[in-house]
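**Q** sequence and predicted structure, then a few things I'm wondering about:
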Amino acid sequence: MTGFGSSVDPMTTYVLVPGFWLGSWAWQEVASAMRAAGHTVHPLTLTGLAERSHLASPVLTTGTHIDDITNLLAFEDLRDVVLVGHSGAGAAVTGAADRAAERIARVVFLESGPVPDGAAQIDLTGRDDVESGLVDGWRYPMRSWEEFTAAGVSLEGLGPRERALMAGRATDQPLGTITQQLSLSGAFEKLPKALISCSFPVDQVRGLITSGHPLFASLSGPEWELHGLPTGHWPMLSRPADLAALLGGIR
(Lines give C-alpha, C1' and ligand atoms only; values in the text may rest on other atoms or scores of the structure.)
Protein backbone atom coordinates (compact mmCIF):
# COMPACT_ATOMS: atom_id res chain seq x y z
CA MET A 1 0.00 0.00 0.00
CA THR A 2 1.33 3.43 -0.93
CA GLY A 3 1.85 5.70 2.04
CA PHE A 4 0.53 9.22 2.36
CA GLY A 5 2.63 11.89 0.71
CA SER A 6 4.76 9.58 -1.43
CA SER A 7 7.14 11.38 -3.79
CA VAL A 8 5.62 11.90 -7.23
CA ASP A 9 5.88 14.30 -10.13
CA PRO A 10 4.41 17.53 -8.70
CA MET A 11 2.76 18.26 -12.04
CA THR A 12 0.41 15.27 -11.90
CA THR A 13 -3.05 16.19 -13.19
CA TYR A 14 -6.16 14.96 -11.40
CA VAL A 15 -9.82 15.06 -12.37
CA LEU A 16 -12.10 14.56 -9.36
CA VAL A 17 -15.63 13.30 -10.04
CA PRO A 18 -18.14 13.32 -7.16
CA GLY A 19 -20.70 10.64 -6.41
CA PHE A 20 -24.48 10.86 -6.13
CA TRP A 21 -26.02 14.19 -5.08
CA LEU A 22 -22.71 16.06 -4.92
CA GLY A 23 -20.89 18.67 -7.00
CA SER A 24 -17.38 20.02 -7.26
CA TRP A 25 -17.98 21.80 -3.94
CA ALA A 26 -17.44 18.48 -2.15
CA TRP A 27 -13.79 18.46 -3.29
CA GLN A 28 -12.90 22.02 -2.23
CA GLU A 29 -10.64 21.16 0.71
CA VAL A 30 -9.04 18.22 -1.10
CA ALA A 31 -8.40 20.26 -4.24
CA SER A 32 -6.92 23.18 -2.29
CA ALA A 33 -4.48 20.90 -0.47
CA MET A 34 -3.46 19.11 -3.66
CA ARG A 35 -2.89 22.38 -5.53
CA ALA A 36 -0.79 23.65 -2.65
CA ALA A 37 1.36 20.54 -3.12
CA GLY A 38 1.91 21.45 -6.79
CA HIS A 39 -0.69 19.30 -8.54
CA THR A 40 -3.13 20.38 -11.23
CA VAL A 41 -6.64 19.56 -10.05
CA HIS A 42 -9.99 19.75 -11.85
CA PRO A 43 -12.99 19.03 -9.60
CA LEU A 44 -15.99 18.40 -11.83
CA THR A 45 -19.72 18.97 -11.37
CA LEU A 46 -21.75 16.60 -13.53
CA THR A 47 -24.77 17.84 -15.50
CA GLY A 48 -27.92 18.18 -13.39
CA LEU A 49 -26.14 18.42 -10.03
CA ALA A 50 -25.16 21.29 -7.73
CA GLU A 51 -24.51 24.53 -9.67
CA ARG A 52 -25.68 22.68 -12.79
CA SER A 53 -28.92 21.48 -11.18
CA HIS A 54 -30.91 23.83 -13.44
CA LEU A 55 -30.04 21.38 -16.24
CA ALA A 56 -31.60 18.40 -14.45
CA SER A 57 -34.22 16.54 -16.48
CA PRO A 58 -35.55 13.04 -17.11
CA VAL A 59 -33.56 12.82 -20.37
CA LEU A 60 -30.12 12.91 -18.74
CA THR A 61 -28.24 9.61 -18.89
CA THR A 62 -24.97 8.06 -17.83
CA GLY A 63 -23.81 9.00 -21.31
CA THR A 64 -24.36 12.66 -20.42
CA HIS A 65 -21.99 12.31 -17.49
CA ILE A 66 -19.47 10.42 -19.60
CA ASP A 67 -19.61 13.35 -22.03
CA ASP A 68 -19.03 15.78 -19.13
CA ILE A 69 -15.78 14.00 -18.25
CA THR A 70 -14.49 13.37 -21.76
CA ASN A 71 -15.31 16.95 -22.85
CA LEU A 72 -13.29 18.30 -19.92
CA LEU A 73 -10.37 16.09 -20.91
CA ALA A 74 -10.60 17.16 -24.56
CA PHE A 75 -11.27 20.89 -24.25
CA GLU A 76 -8.66 21.38 -21.52
CA ASP A 77 -6.36 19.04 -23.49
CA LEU A 78 -5.59 17.06 -20.34
CA ARG A 79 -3.19 14.12 -20.65
CA ASP A 80 -1.64 11.59 -18.26
CA VAL A 81 -4.63 12.21 -16.03
CA VAL A 82 -5.40 10.46 -12.76
CA LEU A 83 -9.18 10.17 -13.03
CA VAL A 84 -10.84 9.82 -9.62
CA GLY A 85 -14.46 8.70 -9.22
CA HIS A 86 -16.30 8.63 -5.90
CA SER A 87 -19.14 6.25 -5.08
CA GLY A 88 -21.97 6.49 -7.65
CA ALA A 89 -19.67 8.05 -10.24
CA GLY A 90 -18.26 4.59 -10.94
CA ALA A 91 -20.17 4.04 -14.18
CA ALA A 92 -19.44 7.49 -15.62
CA VAL A 93 -15.75 7.21 -14.77
CA THR A 94 -15.51 3.70 -16.22
CA GLY A 95 -17.20 4.81 -19.44
CA ALA A 96 -15.12 7.98 -19.76
CA ALA A 97 -11.85 6.13 -19.17
CA ASP A 98 -12.82 3.55 -21.79
CA ARG A 99 -13.65 6.26 -24.34
CA ALA A 100 -10.61 8.48 -23.65
CA ALA A 101 -8.09 5.88 -22.52
CA GLU A 102 -5.24 7.61 -24.35
CA ARG A 103 -5.56 10.57 -21.94
CA ILE A 104 -5.67 8.51 -18.74
CA ALA A 105 -2.67 7.50 -16.62
CA ARG A 106 -4.70 5.76 -13.92
CA VAL A 107 -8.31 5.41 -12.80
CA VAL A 108 -8.94 5.68 -9.06
CA PHE A 109 -12.16 4.38 -7.53
CA LEU A 110 -12.86 6.03 -4.18
CA GLU A 111 -15.44 4.05 -2.22
CA SER A 112 -16.54 2.88 -5.63
CA GLY A 113 -15.73 0.35 -8.30
CA PRO A 114 -15.78 -0.24 -12.05
CA VAL A 115 -19.04 -1.05 -13.77
CA PRO A 116 -18.83 -3.98 -16.21
CA ASP A 117 -19.75 -3.86 -19.88
CA GLY A 118 -23.52 -4.20 -20.24
CA ALA A 119 -24.23 -3.20 -16.63
CA ALA A 120 -25.46 0.06 -15.11
CA GLN A 121 -24.63 1.89 -11.90
CA ILE A 122 -28.00 0.91 -10.47
CA ASP A 123 -26.94 -2.75 -10.66
CA LEU A 124 -24.23 -1.99 -8.08
CA THR A 125 -26.17 0.61 -6.10
CA GLY A 126 -29.30 -1.48 -5.65
CA ARG A 127 -32.35 -1.13 -7.85
CA ASP A 128 -34.93 -1.51 -5.07
CA ASP A 129 -33.38 1.24 -2.95
CA VAL A 130 -33.27 3.69 -5.85
CA GLU A 131 -36.72 2.99 -7.24
CA SER A 132 -38.39 3.13 -3.83
CA GLY A 133 -36.93 6.58 -3.18
CA LEU A 134 -37.83 8.31 -6.44
CA VAL A 135 -39.65 11.63 -6.60
CA ASP A 136 -41.63 12.56 -9.75
CA GLY A 137 -40.55 9.25 -11.24
CA TRP A 138 -36.99 10.40 -12.06
CA ARG A 139 -35.46 12.32 -9.15
CA TYR A 140 -33.43 10.31 -6.64
CA PRO A 141 -32.96 12.50 -3.53
CA MET A 142 -30.25 12.03 -0.95
CA ARG A 143 -31.27 9.54 1.71
CA SER A 144 -31.66 10.47 5.38
CA TRP A 145 -28.85 9.75 7.83
CA GLU A 146 -31.04 7.05 9.37
CA GLU A 147 -31.56 5.41 5.98
CA PHE A 148 -27.84 5.48 5.25
CA THR A 149 -27.12 3.82 8.59
CA ALA A 150 -29.82 1.20 8.04
CA ALA A 151 -28.29 0.41 4.63
CA GLY A 152 -24.84 -0.05 6.16
CA VAL A 153 -23.34 3.15 4.70
CA SER A 154 -20.69 4.46 7.08
CA LEU A 155 -21.10 8.03 8.34
CA GLU A 156 -17.85 7.94 10.29
CA GLY A 157 -16.15 11.32 10.44
CA LEU A 158 -19.22 13.32 9.46
CA GLY A 159 -19.85 15.75 12.30
CA PRO A 160 -22.57 18.41 12.49
CA ARG A 161 -20.68 20.74 10.12
CA GLU A 162 -20.18 18.10 7.42
CA ARG A 163 -23.73 16.81 7.70
CA ALA A 164 -25.16 20.32 7.44
CA LEU A 165 -22.98 20.96 4.38
CA MET A 166 -24.16 17.80 2.64
CA ALA A 167 -27.81 18.27 3.54
CA GLY A 168 -27.75 21.92 2.44
CA ARG A 169 -26.03 21.40 -0.90
CA ALA A 170 -27.14 17.93 -2.02
CA THR A 171 -29.22 17.87 -5.19
CA ASP A 172 -31.42 15.12 -6.56
CA GLN A 173 -29.71 12.58 -8.81
CA PRO A 174 -31.43 12.19 -12.21
CA LEU A 175 -32.52 8.57 -12.61
CA GLY A 176 -31.20 8.18 -16.14
CA THR A 177 -27.65 8.86 -14.93
CA ILE A 178 -27.93 5.67 -12.86
CA THR A 179 -29.81 3.29 -15.14
CA GLN A 180 -28.14 3.44 -18.56
CA GLN A 181 -26.07 0.37 -19.37
CA LEU A 182 -22.44 0.81 -20.35
CA SER A 183 -21.08 -0.29 -23.70
CA LEU A 184 -17.31 -0.62 -23.38
CA SER A 185 -14.64 -1.14 -26.03
CA GLY A 186 -12.17 -2.97 -23.79
CA ALA A 187 -9.74 -0.04 -23.54
CA PHE A 188 -10.66 0.49 -19.89
CA GLU A 189 -9.49 -3.00 -18.95
CA LYS A 190 -5.89 -2.22 -19.96
CA LEU A 191 -5.57 0.94 -17.84
CA PRO A 192 -3.79 1.04 -14.46
CA LYS A 193 -6.31 1.30 -11.66
CA ALA A 194 -6.50 1.88 -7.92
CA LEU A 195 -9.09 1.38 -5.21
CA ILE A 196 -9.26 3.57 -2.11
CA SER A 197 -11.37 1.78 0.46
CA CYS A 198 -12.61 3.72 3.47
CA SER A 199 -15.58 1.76 4.82
CA PHE A 200 -13.83 -1.63 4.51
CA PRO A 201 -10.29 -2.38 5.75
CA VAL A 202 -7.95 -3.26 2.89
CA ASP A 203 -7.32 -6.72 4.33
CA GLN A 204 -11.06 -7.37 4.20
CA VAL A 205 -11.15 -6.18 0.59
CA ARG A 206 -8.31 -8.57 -0.27
CA GLY A 207 -10.29 -11.39 1.33
CA LEU A 208 -13.38 -10.52 -0.72
CA ILE A 209 -11.26 -10.48 -3.89
CA THR A 210 -9.74 -13.87 -3.07
CA SER A 211 -13.16 -15.37 -2.30
CA GLY A 212 -14.49 -14.25 -5.68
CA HIS A 213 -17.12 -11.87 -4.32
CA PRO A 214 -18.96 -10.54 -7.42
CA LEU A 215 -18.40 -6.88 -6.49
CA PHE A 216 -14.68 -7.35 -5.80
CA ALA A 217 -13.44 -10.20 -8.00
CA SER A 218 -12.56 -7.86 -10.88
CA LEU A 219 -10.03 -6.03 -8.67
CA SER A 220 -7.61 -8.96 -8.68
CA GLY A 221 -5.49 -8.13 -11.72
CA PRO A 222 -1.91 -6.81 -11.70
CA GLU A 223 -3.17 -3.43 -12.95
CA TRP A 224 -4.77 -2.77 -9.55
CA GLU A 225 -3.36 -0.97 -6.48
CA LEU A 226 -5.25 -1.19 -3.19
CA HIS A 227 -5.17 1.63 -0.64
CA GLY A 228 -6.93 2.17 2.66
CA LEU A 229 -8.11 5.37 4.34
CA PRO A 230 -10.14 4.42 7.42
CA THR A 231 -13.16 6.72 7.68
CA GLY A 232 -16.72 6.85 6.39
CA HIS A 233 -18.14 6.85 2.87
CA TRP A 234 -17.39 10.54 2.22
CA PRO A 235 -13.64 10.92 2.93
CA MET A 236 -13.43 14.22 1.01
CA LEU A 237 -15.48 15.68 3.87
CA SER A 238 -14.38 13.55 6.82
CA ARG A 239 -10.60 13.41 6.13
CA PRO A 240 -9.85 15.86 3.31
CA ALA A 241 -6.20 16.52 4.15
CA ASP A 242 -5.40 12.80 4.40
CA LEU A 243 -7.29 12.05 1.20
CA ALA A 244 -5.38 14.80 -0.61
CA ALA A 245 -2.09 13.34 0.55
CA LEU A 246 -3.08 9.83 -0.45
CA LEU A 247 -4.26 10.89 -3.91
CA GLY A 248 -1.03 12.85 -4.32
CA GLY A 249 0.86 9.58 -3.99
CA ILE A 250 -1.10 7.90 -6.79
CA ARG A 251 -0.26 8.48 -10.44
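**A** Structure received. Numbering: from 1, shown residues only.

**Q** nearest residue to residue 141 in space, ignoring adjacent ones along the chain?
**A** Among residues not flanking residue 141 along the chain, residue 172 sits closest, at 4.8 Å (C-beta to C-beta, 6 or more residues apart in numbering). (Each C-beta comes from the backbone N, C-alpha and C, glycine too.)

**Q** for the one you found, give me its contacts.
**A** Applying C-beta atoms under 8 Å, 6 or more residues apart in numbering to residue 172 gives the contacts 21, 53, 56, 135, 139, 140, 141, 142.

**Q** can you check residue 129 too?
**A** Shown in contact with residue 129 (C-beta under 8 Å, 6+ apart): residue 151.

**Q** now with 6 Å, please.
**A** Listed by C-beta atoms under 6 Å, 6 or more residues apart in numbering, residue 129 has no contact partners.

**Q** how is it assigned, secondary-structure-wise?
**A** On the three-state scheme (DSSP: H, G, I helix; E, B strand; the rest coil), residue 129 is labelled helix.

**Q** before we move on, what about residue 117?
**A** Classified using three-state DSSP, residue 117 is coil.

**Q** can you count the residues close to it?
**A** 16 (other C-beta atoms under 10 Å).

**Q** now do the one 10 residues further on
**A** Residue 127: 13 surrounding residues under other C-beta under 10 Å.

**Q** with residue 119 instead?
**A** Residue 119 has 15 nearby residues by other C-beta under 10 Å.

**Q** isn't there a strand covering residue 106?
**A** Yes. According to three-state DSSP, residue 106 belongs to a strand.

**Q** ok, now how distant is the closest residue to it other than its chain neighbours from residue 140?
**A** Using C-beta to C-beta, 6+ apart and skipping the chain neighbours, the partner closest in space to residue 106 is residue 192 (4.4 Å). Between residue 192 and residue 140 the computed distance is 32 Å (C-beta to C-beta, to the nearest Å).

**Q** again with residue 134
**A** 6 Å.

**Q** again, but for residue 90
**A** 15 Å.

**Q** just the buried positions in stretch 173-184, please.
**A** 173, 174, 175, 176, 177, 178, 179, 180, 181, 182, 184 (16 or more other C-beta atoms under 10 Å).

**Q** er, stretch 118-128 I mean
**A** Buried residues in stretch 118-128, counted by 16+ other C-beta under 10 Å: 120, 121, 122, 123, 124, 125.

**Q** so what's the fourth one closest to, chain neighbours aside?
**A** Translated: residue 123. residue 115 (7.4 Å).

**Q** residues near that neighbour, how many?
**A** Other residues lying near residue 115 total 25 when counted by other C-beta under 10 Å.

**Q** hang on, isn't residue 90 packed against residue 112?
**A** Yes. Using C-beta atoms under 6 Å, residue 90 is in contact with residue 112, at 4.2 Å.

**Q** where does residue 31 fall, phi/psi-wise?
**A** For residue 31, the backbone dihedrals (degrees, to the nearest 10) come out as phi -60, psi -40.
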